[in-house]
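> attaching a predicted model along with its sequence, questions to come.
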Amino acid sequence: MPKDSGIGASSKRREDIRFLTGEGNYTDDINVNGQAYVYFLRSDIAHGTLDSVDTSAAEGMEGVVRIFTGADFEAVGSVPCGWQITDKHGEPMQEPRHPVLAHGKVRHVGEPIAAVVAETLEQARDAAEAIEVEISELPAVVNMKDAVKADAPKVHDDLTSNLCYDWGFVEENKGAVDQAFKEAAHVTTLELVNNRLVANPMEPRVAVGDYSRGTGDYTLFTTSQNPHVIRLLMGAFVLGIPEHKLRVVAPDVGGGFGTKIFHYQEEAFVTFAAKACNRAVKWTSSRSEAFMSDAHGRDHVTKIELALDAEHNFTALRTDTYANMGAYLSTFAPSVPTWLHGTLMAGNYKTPLIYVNVKAVFTNTVPVDAYRGAGRPEATYQLERLVDKAAHELGVDPIKLRRQNFIMEFPYATPVAVEYDTGDYVATMDKLEEMADIGGFAARRKASEAKGKLRGFGVNCYIEACGIAPSNLVGQLGARAGLFESCTVRVNATGGLVVMTGSHSHGQGHETSFSQVVADMIGIPEDMVEVVHGDTANTPMGMGTYGSRSLAVGGSAMVRATEKIIAKAKKIASHLLEASEGDVELKDGAFTVAGTDKSVAWGDVTLAAYVPHNYPLEEIEPGLEETAFYDPSNFTYPSGAYACEVELDPETGQVTIERFSAADDFGNIVNPMIVTGQVHGGLAQGIGQALLENCAYDSDGQLLSASYMDYAMPRATDVPFYDVDHSCQTPCTHNPLGVKGCGEAGAIGSPPAVVNAVLDAMRSGGSTVDHIDMPVSPHRVWEAMNGSGV
Amino acid sequence: MYNFDVEMPSTIADAVTALARDEAQPLSGGQTLIPTLKARLAAPSVLVSLHGIAEMKGVSAQDGTVTIGGATTHATVAGEVADAYPALASLAGRIGDPAVRNRGTIGGSVANNDPSACYPAGVLASNGTVVTNTREIAADDYFLGMFETALEEGEIVTAVKFKIPEAAHYEKHLQPASRFPLVAVFVAKFADGVRVAVTGASENGVFRWTEAETALSADFSVEAVAGLKADGSSMISDLHGSGAYRAHLVGVMTKRAVAAINA
């Protein structure tokens, strides 16, 4: 029976009332008395020497408060990178300075050169047009393989080359892997591109900086997934503001998808300028600015090889990847193609030997960083495309080949340094085969062919590592931060609770699902629990939301804090009941002496905590408020199997998705409806990457897909009615809720299924093409089927 | 956007007067002009809104001709032309999305002559006439190239006339991002011949595919055009499709339009 409240119930999302009625409080809704507006003059040249920035004509224009250029920020710190990678020779990555405003050079289209603060945005724009910028254009570095050539122009003159790092993983295994390839009965090789994406959250980025001369306190309101991280990065590394003098508020945030994790220079600018101008300063990104200043995602070029023995067992895997960093290192950029990618290359398979090489490259493009899935979609895509290709080369069923190589026993230590705690890949594949109605496919293909269409079926598995995750481990791997999570639970006198979490909700529905957990633990109605997040002033230091970590890590901190609350409340209750603590149990919102009808209600206990007239003051303090910090002992490993069925119009190349089935194992589930919604959203973004989205630059570093006229977002009509199941559940063994995380699965697991299905359709039409790059646009399909020389 | 004045005349005559002002620009729906202004890519001193001109609104059909006022929205055309000229109503009903269709106007579309706009294909294939405040211009003389028309400075498209064919169909293949036509073909079958107009494909804007017209006028069947190949040499080549792909799609869309008419 489905529950109607608490853990396991599909409680309606309480936050949607304000989101759907226009009552949300987004950063752009925040206006500080007396605020001025900033407009950033951005480079329209990808690479050049900044010869001069003459603001003299603009200075006196109407409404101008002050104009800033790179020179104003010479004494200010570099926008920091939060992760240091050690290369295969044991050397640290090359790390360039990242100025708040360009100084000396411009390195990508969209880099801010000057900032005009004015009374109105239009006045700021008017003045920006009067700034005279002289740039001596340099040849742009765009293609990654060209960028690492010896004679390539350098993006950063003070670095030795455009190579950020050359990472080998696990370097010690390379010899054994190469040997296994020599001994292989069959080797399958695939070269592919994981297309660059723009996250495009519905709400563009916004930042409002404020400063009080009276107190010396700074406040930054910003569209962030992790306000505490922004406070630390910006305060400590860029502006030199101690954390106790800096408050960062990320109120309602309209979608993040990773791109709002990072500390951006616009945040540092408005905070710096608020003091310099003695005015609050507001910036609201236009959609056009977002395309050229939000960190982009993906952008890998990979060669991957699989070695198999004569019985089709995977014996070794070898990859060679170029990962685009863009012009500067965004906050977590170096970790994405390495620790979030290389560690996942085992996938769902017991391949004993794996070697991953990643060359991270600087180019004259917008910085690239985590985007929904971050490294794991790249790993899944190449591996699952490769396994499919191997199956076709060997003439075996792709599902059978996968099943034969599945990891069957858990815990399982992969050759790429992680240990999967639980999983059941057979169960999700069984479920998928049932959902996808493989038996009916032949008839559906026939029906499509009768209409002149081709039909294709594709599957893939995925594994992801979520809940990032133990601080001591990530520290060894180069993280310059801990990755715990925090929670304070405050019980009010009349029994209601406020859960103050370091996690951040920007669409995930934490206010609902977190309340369900706490209400369930105590046995009270969900509406007695309020969830507070997004403000460093009223939440404990937390690391925020990304990597599908909120429930697994933040939720675990909340459980720990609530356990402390319950333990203390039990002490108070046993005093009130004049019973020994060991005999008192909490059930359905009341403390009862076991085996008796003696009982005291939750509200009486909480009242006693704050009106401690009859209270064990000699033993415990009054009040009922507890904080817990939770640092997980491992990542969590959600997994699943996805199937896609497409129809392909051979005359136009148009692909439509007819069916999509997703069988996921997320461990335990708090709110099935929210989980389904998360999968739906992830699938839309994965299908978007597979069929539509493509961030393209020309060879001069000009952004070709700079608006929705050329950047194709998935729309409702582009996606099917999904068939989603999460009944296969192998609970996580190392967090108290047994949860694994579900936010990224859809985006990770869907692109290979789509492309595998498209290739299957093409084959059924007689095509011998064995790969097609994403996005699988009609034009690309048509060219692949007909050759480009028609 | 930059500052500008707005004038809201209620007659064509007043609009013409207002447009005589320096740097004046007509506004008729604004589906192209407003984004252009927001991007600061245009700086008119005065926008003359044609929205309030009653004599430029509405649809009428008589003697084999549909006449649509220049300030009539796509949504109105989609609804009110459905009986008289269903293929044209279908074209109008598939432009953009509901928000676009309820602001954008036929006059604005035809005056702008975007190489990927839908209406120019409908006007050209229907052997239409563009009516302005000063004259009537045959469609064949009106569309001069990408964003180029026979309109003079200050001239307003007050109405567009369509000859109603025996049968017609508009077939389009969408550009995946903008959802404008990547290539779209309007086939109109008249008693005295067939007209085939292509939008989205050519660097010279909307054009008539005369080889297909000749073939279809002789034999209105899919087979008649199956072997024809459009010339790809002056086709648009961009992120979303090469010139060769567009040329190929011209053939496919034409065949499908014919098939739809014959179905």
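Structure's in. What do you need?

> where in chain A is pLDDT low?
Across chain A, the ranges flagged by pLDDT under 70 are A:1-2, A:788-790.

> need the residues of it near chain B, please.
A:122, A:125, A:129, A:288, A:651-654, A:691-692, A:694, A:696, A:704-705, A:708-713, A:777-779, A:782-783, A:786, A:788-790 (C-beta under 8 Å from any C-beta of the partner chain). Placement of C-beta: from N, CA and C, glycine included.

> out of the residues you listed, which are buried?
A:122, A:125, A:288, A:651-654, A:691-692, A:694, A:705, A:710-712, A:777-779, A:782-783, A:786 (16 or more other C-beta atoms under 10 Å in any protein chain shown).

> now do the contacts for residue A:27.
When contacts are counted by C-beta atoms under 8 Å, 6 or more residues apart in numbering or on different chains, residue A:27 touches A:203, A:206, A:207, A:208, A:221, A:222, A:223, A:250, A:251, A:253.

> again, but for residue A:30
A:208, A:221, A:249, A:251.

> who wins on neighbours among those?
Neighbour counts for the contacts of residue A:30 (other C-beta atoms under 10 Å in any protein chain shown) peak at residue A:221, which has 29 neighbours.

> show me the beta-bridge partners of that residue.
residue A:208, residue A:249 (DSSP bridges).

> wait, isn't it in contact with residue A:230?
No: counting by C-beta atoms under 8 Å, residue A:221 stays clear of residue A:230, with 10.8 Å between them.

> tell me, what's touching those two both at once?
With C-beta under 8 Å, 6+ apart as the test, residue A:221 and residue A:230 both reach A:248, A:250.

> in chain B, where is pLDDT below threshold?
Ranges of chain B meeting pLDDT under 70: none found.

> residues in it within reach of chain A, list them.
Checking chain B against chain A by C-beta under 8 Å from any C-beta, the hits are B:1, B:3, B:39-40, B:173, B:176-178, B:239-242, B:244-245, B:248-249, B:252.

> give me that answer again for 6 Å
Chain B comes close to chain A at residues B:173, B:176, B:177, B:178, B:239, B:241, B:244, B:245, B:252, as judged by C-beta under 6 Å from any C-beta of the partner chain.

> sitting in strands, which of these do you find?
Among those, the ones falling in strands (DSSP state E) are residue B:173.

> which of the residues of chain B next to chain A sits closest to residue A:115?
Closest to residue A:115 out of these is residue B:177 (30.5 Å), distances taken as C-beta to C-beta.

> burial of that closest one, as a residue count?
By other C-beta under 10 Å, 21 other residues sit near residue B:177.

> does it really touch residue A:707, like I thought?
No: if you go by C-beta atoms under 6 Å, residue B:177 and residue A:707 don't touch, sitting 8.4 Å apart.

> any common contacting residues for those two?
Jointly contacting residue B:177 and residue A:707 under the rule C-beta atoms under 6 Å, 6 or more residues apart in numbering or on different chains is no residue at all.

> which helix or strand contains residue A:57?
helix A:56-59 (DSSP states H and E).

> quick one: that helix to chain centroid distance?
Here helix A:56-59 is found 42 Å from its chain centre; the criterion is C-alpha atoms, centre = their mean, to the nearest Å.

> quick one: name whatever helix or strand follows that helix.
In N-to-C order, the element after helix A:56-59 by DSSP H and E is strand A:64-69.

> helix, strand, or coil at the residue in the stretch 101-250 of chain A that chain B sits nearest to?
Among all residues of the stretch 101-250 of chain A, residue A:125 sits closest to chain B, at 7.1 Å; criterion: C-beta to the nearest C-beta. Three-state assignment for residue A:125 (DSSP: H, G, I helix; E, B strand; the rest coil): helix.

> doesn't residue A:38 make contact with it?
No: contact between residue A:125 and residue A:38 fails when scored by C-beta under 6 Å: they sit 10.4 Å apart.

> longest strand in chain B, by residue count?
Max-length strand for chain B by DSSP E is strand B:181-190.

> next helix or strand past that one?
strand B:193-199.

> contact partners of whichever helix or strand comes after that following strand?
Using DSSP H and E, the helix or strand that follows strand B:193-199 in sequence is strand B:207-208. For strand B:207-208, the surrounding residues in contact (C-beta under 6 Å, 6+ apart) are B:197, B:198.

> so what strands line up beside strand B:207-208?
strand B:193-199 (antiparallel).

> ok, how many other residues are close to residue A:71?
10.

> now do the SS call for it.
Going by three-state DSSP: residue A:71 is helix.

> repeat that for residue A:392.
helix.

> quick check: closest non-adjacent residue to it.
Setting aside the residues directly before and after it, residue A:392 is nearest to residue A:770 in space (C-beta to C-beta, 6 or more residues apart in numbering or on different chains), at 7.1 Å.

> would you agree the one you found falls within a strand?
No: counting by three-state DSSP, residue A:770 is not part of a strand but coil.

> residue A:199 contacts residue A:257, correct?
Yes: applying C-beta under 6 Å as the test, residue A:199 and residue A:257 come out as touching, 4.4 Å apart.

> please identify which of these two sits among more neighbours.
residue A:257 (28 against 21).

> for the residue nearest to residue A:392, give its distance to residue A:251.
49 Å (C-beta to C-beta, to the nearest Å).
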